[in-house]
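Novice: Can you look at this prediction? I've put the sequence above it.
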Amino acid sequence: MFPIDHYHRASSIEHACHLLAENPGSKLIAGGTDVLIRLREGKSGFGSLVDIHGLDELTRITHTPDGTLQIGSGVTFTRLINFLKNDGLLPALVEGASSIGGPQVRNMATLGGNICNGAPSGDSAAPLLVFDARVTLQSHRGTREVPVEEFYAGPGKVHIEDDELVTCFTINPESHQHTGSHFYKYAMRKAMDIATIGCAAACKLADNRIDSLRLAYTVAAPVPKRCRVLEQQVIGQPVSGKLIAEIASMVLEELSPRNSWRASKDFREHIIRTLADRVISEAIVRAGGQL
Ligand SMILES: Cc1cc2nc3c(=O)[nH]c(=O)nc-3n(C[C@H](O)[C@H](O)[C@H](O)COP(=O)(O)OP(=O)(O)OC[C@H]3O[C@@H](n4cnc5c(N)ncnc54)[C@H](O)[C@@H]3O)c2cc1C
């Protein structure tokens, strides 16, 4: 038995906002793959639940004619992978989503839950960062939108008020069209494992020069992190093995990996450099570049 004191099932986004406002301190539950684990562990703060699992309004994916993508927070990873693969969209996000847990977890786990739990290792985080995704939040007070990058507040923490829920993630056409992207998760096992380091890159080229490069890591800092300084430094540079090697040698300047039982800081630094080379090279090739 789970120690649940109050359970409320929302019938719409508006109803969910009302339930959150009426029941301060309540936690949202979507796929439950994190929440139910916490409950089983006896963690406090999960005694009152507002259930948004499967809400129709949260499980939509829209791809408008101008190329804007809007992904509902309640979309499961299985559905997300199928939709994106079918339309040949956001390869890095397909790769991130495909690396989560196993099929049973991906059938239940949602994109919203993966970002809102604030884990520095969340496998959808780096792909969303390199596609400049924005989060839409709603409460009985109204709606607001923030870049995913600014949504992270610290390990296990995001900037969300008690009465808010995330409704969707939006990706603009210029952030994913004519772009090569790739994600790689380094973990101790091929499946059902938390990332030791995750890395995503999205790249646009013009005449085999870098028009834009977006690079993001998970588990390389207290929150999933873009390498903003490096991204600026490489604009306009011709694509070459030498450039990739330079990027790999600079990448640690903006990151702060830590020691943990899973991996040492030194080992993480080695993986970060290795993935810079591997992931950026693949993104460049997918963008039509020649190395
Ligand atoms: C066996 C197993 C393997 C796993 N493997 C991986 C893995 O490889 N990679 C990985 O990244 N994760 C992994 N996870 C973690 C988990 O599956 C993901 O984080 C998942 O995406 C969480 O989604 P959910 O819908 O189940 O979230 P829930 O458990 O329902 O919620 C998670 C958190 O987000 C909040 N929340 C949920 N939806 C919203 C919303 N719309 N608005 C605001 N807050 C919200 C909840 O209140 C809660 O704090 C694994 C979990 C298990 C049990």
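Specialist: Noted; the coordinates are in hand.

Novice: so how far is the ligand from the residue positioned nearest the centre of the chain?
Specialist: Taking Cα atoms, centre = their mean, the centroid of the chain lies closest to A125, which sits 1.9 Å from it. Separation of A125 from the ligand (Cβ to the nearest ligand atom, to the nearest Å): 8 Å. No exception for glycine: its C-beta is placed from N, CA and C like everyone else's.

Novice: Spit out the contact partners of that residue.
Specialist: Counting by Cβ atoms under 8 Å, 6 or more residues apart in numbering, A125 touches G96, N114, I115, A119, V148, Y152, G198, A216, T218, P224.

Novice: same thing with R226?
Specialist: Neighbour list for R226: L129, V130, E149, R214, L215, A216 [criterion: Cβ under 8 Å, 6+ apart].

Novice: A191 is in contact with G102, correct?
Specialist: Yes - the pair G102 and A191 passes the contact test of Cβ atoms under 8 Å, sitting 5.5 Å apart.

Novice: Can you get me a residue count around the nearest residue to A287 once chain neighbours are set aside?
Specialist: Closest residue to A287 apart from its sequence neighbours, by Cβ to Cβ, 6 or more residues apart in numbering: G180 at 2.9 Å. G180 has 20 neighbours, counted by other Cβ atoms under 10 Å.

Novice: Could I have the buried ones of the contacts of R226 as PyMOL selection syntax?
Specialist: Buried residues within the contacts of R226, by 16 or more other Cβ atoms under 10 Å, are selected in PyMOL with:
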select buried, resi 129+130+149+214+215+216
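
Novice: if you look at the contacts of R226, which of them are in strands?
Specialist: Per DSSP state E, strands hold the following members of these: R214, L215, A216.

Novice: which one among those residues gets closest to V35?
Specialist: The shortest approach to V35 among these belongs to A216, at 25.9 Å (Cβ to Cβ).

Novice: residue contacts, that closest one?
Specialist: Taking Cβ under 8 Å, 6+ apart, we find A216 in contact with A125, A126, P127, L129, V130, C199, A200, A201, P224, K225, R226, C227.

Novice: which helix of the chain spans the most residues?
Specialist: Under DSSP state H, the helix in the chain containing the largest number of residues is helix 265-286.

Novice: Distance from it to the middle of the chain?
Specialist: Put simply, helix 265-286 sits 18 Å off its chain's centre (Cα atoms, centre = their mean, to the nearest Å).

Novice: Counting by contacts, list what it packs against.
Specialist: Packing contacts for helix 265-286, counted by 3 or more Cβ pairs under 8 Å, 6 or more residues apart in numbering; DSSP states H and E, involve strand 180-186, strand 197-206, strand 209-218, helix 241-250.
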